[in-house]
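A.B. asks: The amino acid sequence is not available; the structure is as follows:
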C-alpha cells in the first residue's frame, strides 16, 4: 500500500460496497533437499511482438472498471464493520466443488491483506463476488502475518494462504479456522501460490506451489495423509534471478498449455521480475529441479511483473505490471503481446515503489461467458473488477 484514503474516501467506498450488494451477477466458474539447480534458460521470446487477436475475450475488450468493495472496511464475525490493516495483495475466485454449508461458496472472492510494512493479519471474503467484504479468518492466529496470496483446494474445501512475514503456509477450513501451519527449511518467506488440487483435470500427484520472496526459489508442497494426520513435503523445483532484496514471483497452474508451439501438460507459470518475463515449468507436479524454466516471454511492455492469471477463454497469460500499473496479456503459444490495459493512473516512483497499485488478480467468466478480471488496488485498498 502506497497511499491511504481519507475518512471521506473510505466512507464513499463503504457506501458503494453496500449499495452494490445484489446488483452484480456472480461469475460462472467454468521436506526434501535438492542441492543444485540447472541454470540454462530455454526458448527466449522476442520482445514486444504484437498479436492482432486483441478484442473480445481479451483484456482489450474490458471497458468497464468498477469497485467491488473495500478491503479495509470489512464486516467482522459479529456483523460489525471494522477497519483493518489492509494493503490487498492476493485474489482468488472460489471454484466450483466447495461443499455447501462450509462458509465458502463457488463464486466467492478471497483477498489477502498483507498490511502496512507487511504486518497485516486478515483475509477478506466477498460473497458471490460482491461487497461488502467479510472477515474470512475469524479465528485470530499469530502465524497469520503478512498474508500475501491465497488458493483454494475445492476437493477438500480448504484454503491455503502464504504468510510472507510469518514465513509459513497455512491451511484453513472453508469456515476460516486454521487446520495446519506449515514451516519448513525450504520456505523462505513464501509469496506466490498456485495449486493443482481439486479440479477435474487434477493430476495424480496433488500439489500446491509456492515461491519465496527472499531467495526467488519455487517450491512444490505435497500433502500426504497419514495415520497421525497430514504431512507436507516441500521440494524446491525452480530458481529465478533476484530482483532487488525482495522478489515477488506470482504463480499460475494449468493442466495443459501450448508454450512456444509445444504442447505441454501439468504446466506451472511463474513471473520473472528480474527479466520482466514469464517462465513455464512443464510436468510441475512430478518433475525434479528445473532451474530457470522455459521462457515464455520477456521484455517490454511488461515492467516489473508481480502476478499472473490465465484467461479462461483462450489460455493467454494476464500479467500485473508494478511499475506502470498495467495489465498485459501475452499468448504463451507464441510469446506475443495480445493487449495492454492501464487500471490505475497513479505515477510510480521507481526508487521507492510509491504509487505501485496493481498486485493480485484473478480471471474468470461471468454468467454470459464473458471474460471478467478481478484485481486488488493497493493504492485505494479496494477490490476492483474489469468487465466488458
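C.D. replies: Nice, thanks for sending it over. Note that the structure is predicted; figures quoted are calculated from it, not measured.
A.B. asks: Residue 106 reaches residue 95, doesn't it?
C.D. replies: Yes: between residue 106 and residue 95 there is a contact under Cβ atoms under 8 Å: 6.3 Å. Placement of C-beta: from N, CA and C, glycine included.
A.B. asks: contacting residues around residue 189?
C.D. replies: Contacts for residue 189 (Cβ atoms under 8 Å, 6 or more residues apart in numbering) come out as 164, 165, 167, 212, 213, 214.
A.B. asks: top of those by neighbour count?
C.D. replies: Highest neighbour count within the contacts of residue 189, by other Cβ atoms under 10 Å: residue 164, with 26 neighbours.
A.B. asks: Just the pLDDT for it.
C.D. replies: For residue 164, the model assigns a pLDDT of 98.
A.B. asks: With residue 270 instead?
C.D. replies: Residue 270 is given a pLDDT of 98.
A.B. asks: what about it, how many neighbours?
C.D. replies: Neighbour tally, residue 270, other Cβ under 10 Å: 29.
A.B. asks: now the helix or strand where it lies, how far from the chain's geometric center?
C.D. replies: Under the criterion DSSP states H and E, the helix or strand holding residue 270 is strand 262-272. Computed by Cα atoms, centre = their mean, to the nearest Å, the separation of strand 262-272 from the middle of its chain amounts to 16 Å.
A.B. asks: just to revisit the earlier point, from the contacts of residue 189, pick the one nearest residue 341.
C.D. replies: Nearest to residue 341 among these, counting by Cβ to Cβ, is residue 213 at 26.1 Å.
A.B. asks: Can you check what pLDDT the model gives that closest one?
C.D. replies: The score at residue 213 is 97. That number is its pLDDT.
A.B. asks: what sits against the closest residue to it other than its chain neighbours?
C.D. replies: Spatial nearest neighbour of residue 213, excluding adjacent residues (Cβ to Cβ, 6 or more residues apart in numbering): residue 191 at 4.2 Å. Residue 191 is in contact with 148, 149, 162, 164, 210, 211, 212, 213, 248, 249, 250, counting by Cβ under 8 Å, 6+ apart.
A.B. asks: let's see it at 7 Å
C.D. replies: By Cβ atoms under 7 Å, 6 or more residues apart in numbering, the contact set of residue 191 is 148, 149, 162, 164, 211, 212, 213, 248, 249.
A.B. asks: Likewise for residue 254?
C.D. replies: 267, 310.
A.B. asks: Please state the offset of the helix or strand containing it from the chain centre?
C.D. replies: For residue 254, the host element (DSSP H and E) is strand 251-259. Centre-to-centre, strand 251-259 and its host chain are 15 Å apart (Cα atoms, centre = their mean).
A.B. asks: Pull out the buried positions in it.
C.D. replies: By 16 or more other Cβ atoms under 10 Å, the buried positions in strand 251-259 come out as 251, 252, 253, 254, 257, 259.
A.B. asks: Could you identify the most distant pair in the residues you listed?
C.D. replies: 251 and 259 (15.3 Å).
A.B. asks: Surely the residue nearest to residue 213 is within a strand?
C.D. replies: Yes: if the criterion is DSSP: H, G, I helix; E, B strand; the rest coil, then residue 191 is within a strand.
A.B. asks: Adjust the sequence numbering to begin at 49 for everything that follows.
C.D. replies: Okay, residue one is now 49; in that scheme the one you just asked about reads as residue 239.
A.B. asks: And the pLDDT for it?
C.D. replies: Residue 239 is assigned 98 on the pLDDT scale.
A.B. asks: now residue 403
C.D. replies: 65.
A.B. asks: One more: residue 71?
C.D. replies: Reported pLDDT at residue 71 in the predicted model: 38.
A.B. asks: Tell me where the stretch 99-248 of the chain has strands.
C.D. replies: Secondary structure of the stretch 99-248 of the chain (DSSP state E, counting those that start in this stretch): strands at 112-118, 121-123, 129-131, 136-141, 157-161, 170-174, 182-183, 195-201, 206-211, 216-221, 226-230, 238-243.
A.B. asks: List the buried residues for stretch 318-332?
C.D. replies: For stretch 318-332, a neighbour-count test (16+ other Cβ under 10 Å) marks 318-332 as buried.
A.B. asks: Run a quick neighbour tally on residue 221.
C.D. replies: 16.
A.B. asks: tell me the contacts of it?
C.D. replies: Residue 221 makes contact with 206, 227, according to Cβ under 7 Å, 6+ apart.
A.B. asks: one step back: would you tell me which one of the strands of the stretch 99-248 of the chain is buried the most?
C.D. replies: The highest mean neighbour count among these, using mean count of other Cβ atoms under 10 Å, belongs to strand 157-161: a mean of 29.
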